[in-house]
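>>> give me a 3D structure for the following:
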Amino acid sequence: YSETLRPQGQWALQSNSLTTQRFRIMSITRPEDNLFEITALQHNASKFDAIDNGARIELPPVTSIPPGVQAPPQNVRIKAFTKVDQGLAVTSLSASWDAAPNAVAYEAEWRKDSGNWVRVPRTSALGFDVPGIYAGRYLVRVRALNVMEVGSVYASSVETALEGKTTPPPALAYLRCVAGPWRIGLEWGFPASGAADTAYTEIQQSATPGGSEETARALGLFAYPGNTHLVSPIPAGERLAFRGRLIDRSGNVGAWSNWVTGTSSSDASEYNQLITQEYVESALGQQFFSDIERMQVDIGGLQKQVGDLADILLYDPAKIYAKNDMVRQGPRLYQALKAVPAKTAPPNAAYWSDIGQSLETANGLAQQVASHTAEISELDGRIEAAVSNLDVLQAAARGEPATGEKADALKGWDTIARAATEVTVRANEDEAQAKRASLLEARTGTAEGRIATVESVVASNNAVTVQRLDQLTGQVASNASAISTEQTVRANADSALGQRVDTVSARTDTNEANIQTTSQAVTSLDGNVKALYSVKLQAHANGQKYAAGWQLGFDSGTSVTTMAFQADRFLWFNSSSGQTVAPVSIVGGQMFINNAMIQDGSITNAKIGNVIQSTALGANGEAAVEVG
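Numbers count the residues shown, from 1 in each chain. Next up, the predicted model:
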């Protein structure tokens, strides 16, 4: 600076085309707070020459108005250059131009071949770059704008052909195959230099041993830097040939590698292990190998009602009875129709219903009961109607009269026979259900037999469940056997199920045997489908567990059907010759086959007992190849 700057001093920039106006301060007054009045006289330095020498007064340019027409930029040009960006060789377009007079900004556009114009952001620079271009003919146009936003016409470059990167990528460093069950694994590597701008690896496969152009087909394009792929599923022992090449980001294609041959695993133990693991962990396998559980038919409620009939007390005139209470009056049994006041003895039909008779002596009991109840109730604003019916026939006897507590319960009888059926129906605004339970039972001091059945139907607005349970049981001391059947049908808005399970069992103190047959079918709207039929045998003998069975199954989760067998010894019999012979058997994991014809076999180790020969014959009718 020509002189030292002063604190709070003011400064301004001026040029030959625009200067600041100058004034001579005459006076400064302050008529009120924060208000100043300045009296000044305009100053023009050329007035002194005008007075002294008669020169013309020159007015300084204190106002600059941009022109109404803006000139376009000149010399618009384009070129291409290549640079490495994060390890990739990227070709870019570079456009530049000469500055236009009075211009403060530029708007530019470019296009490739006959494509659409692509606008770049507004800039005050004299050029722009477009990275990652492809080969083609490019054109750039630019216009200038001044401070009044007046724009010029577009100035265009010469249409220029840009090649981009044309050098092909190098060949793969290696391509190798890794054997696996039902698959071949591919691994490849990239060269140390020249492959940084790789976009894809192209792999082809051929079924011809050693590879062939005629049978080659595309396996896929794999994005860089991926270098592995699994060819699956394919048959065990399958042989395929593969080759690969690189393709860079500019579309340049490298040379093919040599063909390499790969083979899927031929190790039978590896396949058996995977097949077993997949099946055991599936829903089918879990059902097949699960323990057979004893089925229980829940008739506890019916048994309690039948047992309570033996304890019905005599009518007490001083007692008030509630609805459905039961009393004994002579040989007859009565049930209260409603609340019964004291001293209202049966058989008053307004309060009591005759439900049967009960005959009892010191050594015998005979009962016949037919009880009916009906009610309509309201809970939380919901109306529910219910009707039930109980029919019981019961007889019991003992060798000598019982005394004390023994005389007050059925357990005091030496022999008991029962037949009971209970039917219950309920309905409300959302659900309806019907249930029937029946019991046939006979027992003595050490033996007991029972037939129990429970049937139920439940339906709601969007679901229904139907179930029937049947069970036959017999027991003498600790020896027991049972036959059980469970049938279930279920359907709702999303799925449907049908299932039947039959179980036969027998047991003693230390041993047990069970056989179970299961049929199941499940479908749903989400595509889940499951079907199975299985037969399972499980036994516990001398502290050792034994199991056998077979299963047919399908699960949409695996999309395959399965037939599975379990046995320590598997025999396939053929009796067509009149003799019972097992031409195929499996014992201890080893298979025995009397005769076999194999079209195509893969054998890891072979032991030939006598002779190996070809089926092809020589000129004299002998085997073309024979070793032995």
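>>> next, count neighbours for Q544.
Neighbourhood size, Q544 [other Cβ atoms under 10 Å]: 7. C-beta coordinates here come from the backbone N, C-alpha and C atoms, glycine included.
>>> what about the closest residue to I612 other than its chain neighbours, distance to I598?
The shortest distance from I612 to any residue that is not its chain neighbour, by Cβ to Cβ, 6 or more residues apart in numbering, is 4.9 Å, and that residue is V627. Between V627 and I598 the distance is 18 Å, computed by Cβ to Cβ, to the nearest Å.
>>> what residues does stretch 33-52 touch?
With contact meaning Cβ atoms under 8 Å, 6 or more residues apart in numbering, stretch 33-52 is reached by 21-31, 55-60.
>>> next one: stretch 449-466
Residues from elsewhere that reach stretch 449-466, judged by Cβ under 8 Å, 6+ apart: 297-299, 430-443, 467-475, 488-493.
>>> residues contacting V560?
Under the criterion of Cβ under 8 Å, 6+ apart, the neighbours of V560 are F554.
>>> ok, now with 10 Å
By Cβ atoms under 10 Å, 6 or more residues apart in numbering, the contact set of V560 is E278, Y279, S282, G553, F554.
>>> which ones among these are found in strands?
When DSSP state E defines the strands, the subset of the contacts of V560 inside them is G553, F554.
>>> what subset of the contacts of V560 is buried?
Among the contacts of V560, those buried by neighbour count (16 or more other Cβ atoms under 10 Å) are Y279, S282, G553, F554.
>>> any idea how far the third one is from Y533?
Here the distance between G553 and Y533 works out to 8 Å (Cβ to Cβ).
>>> okay, and the common contacts of these two?
Residues touching both G553 and Y533 comprise Q520, M563, with contact defined as Cβ under 10 Å, 6+ apart.
>>> coming back round to it: and the buried ones among the contacts of V560 as CSV, adding pLDDT?
Formatted as CSV, the entries for the buried ones among the contacts of V560 read as follows, by pLDDT from 0 to 100:
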residue, pLDDT
Y279, 84
S282, 85
G553, 91
F554, 91
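>>> CSV for those, including distance to L246?
Rendered in CSV, the data for these read as follows (distance: Cβ to Cβ, whole Å):
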residue, distance to L246
Y279, 42
S282, 42
G553, 47
F554, 45
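>>> which single one of those is nearest to G251?
Of all those, G251 sits closest to S282, with 46.8 Å by Cβ to Cβ.
>>> that closest one and A564, how far apart?
10 Å.
>>> run through the bridge partners of the closest residue to A95 other than its chain neighbours.
Once its chain neighbours are removed from consideration, A95 has its nearest residue in V140; the separation is 4.4 Å (Cβ to Cβ, 6+ apart). With beta bridges defined as DSSP bridges, V140 has these partners: W110.
>>> V140 reaches N75, doesn't it?
No: proximity of V140 to N75 does not meet the contact threshold set by Cβ atoms under 10 Å, at 11.8 Å.
>>> overlap in contacts of those two?
Overlap between the contact sets of V140 and N75, as judged by Cβ under 10 Å, 6+ apart, is given by S96, W97, A155, S157.
>>> can you give me the neighbour number for the second one?
In this case it means W97. Neighbourhood size, W97 [other Cβ under 10 Å]: 24.
>>> now do the contacts for it.
W97 is in contact with 72-78, 106, 108, 125-128, 140-142, 144, 155, 157, counting by Cβ under 10 Å, 6+ apart.
>>> look up phi and psi at R137.
Recorded main-chain torsions at R137 are phi -100, psi 130, according to degrees, to the nearest 10.
>>> against V158, how distant is it?
Separation of R137 from V158 (Cβ to Cβ) stands at 10 Å.
>>> so which of those two has more stuff around it?
R137 (12 against 9).
>>> would you agree the more buried one is in contact with L93?
No: under the criterion of Cβ under 10 Å, R137 makes no contact with L93, lying 11.5 Å away.
>>> anything in contact with each of these two?
Residues touching both R137 and L93 comprise K112, T160, L162, with contact defined as Cβ under 10 Å, 6+ apart.
>>> out of those residues, who's the most crowded?
Each of the shared contacts of R137 and L93 was scored by neighbours using other Cβ under 10 Å; the highest score is L162's, at 19 neighbours.
>>> return the set of residues that bridge with that residue.
The bridge-partner assignment for L162, based on DSSP bridges, gives G136.
>>> roughly how far apart are it and R217?
Counting by Cβ to Cβ, the gap from L162 to R217 is 35 Å.
>>> verify the stated contact: K435 with T424.
Yes: with contact taken as Cβ under 10 Å, K435 and T424 are classed as touching, separated by 4.9 Å.
>>> what touches both of those two?
Here K435 and T424 share the contacting residues S388, S456, scored by Cβ under 10 Å, 6+ apart.
>>> how is this protein divided into domains?
With domains defined by automatic domain parsing, the chain comprises 1-64, 74-162, 446-588.
>>> and these as a markdown table, adding distance to D325?
As requested, those are exported to a markdown table (distance: least, Cβ to Cβ, whole Å):
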| stretch | distance to D325 |
| --- | --- |
| domain 1-64 | 103 |
| domain 74-162 | 91 |
| domain 446-588 | 27 |
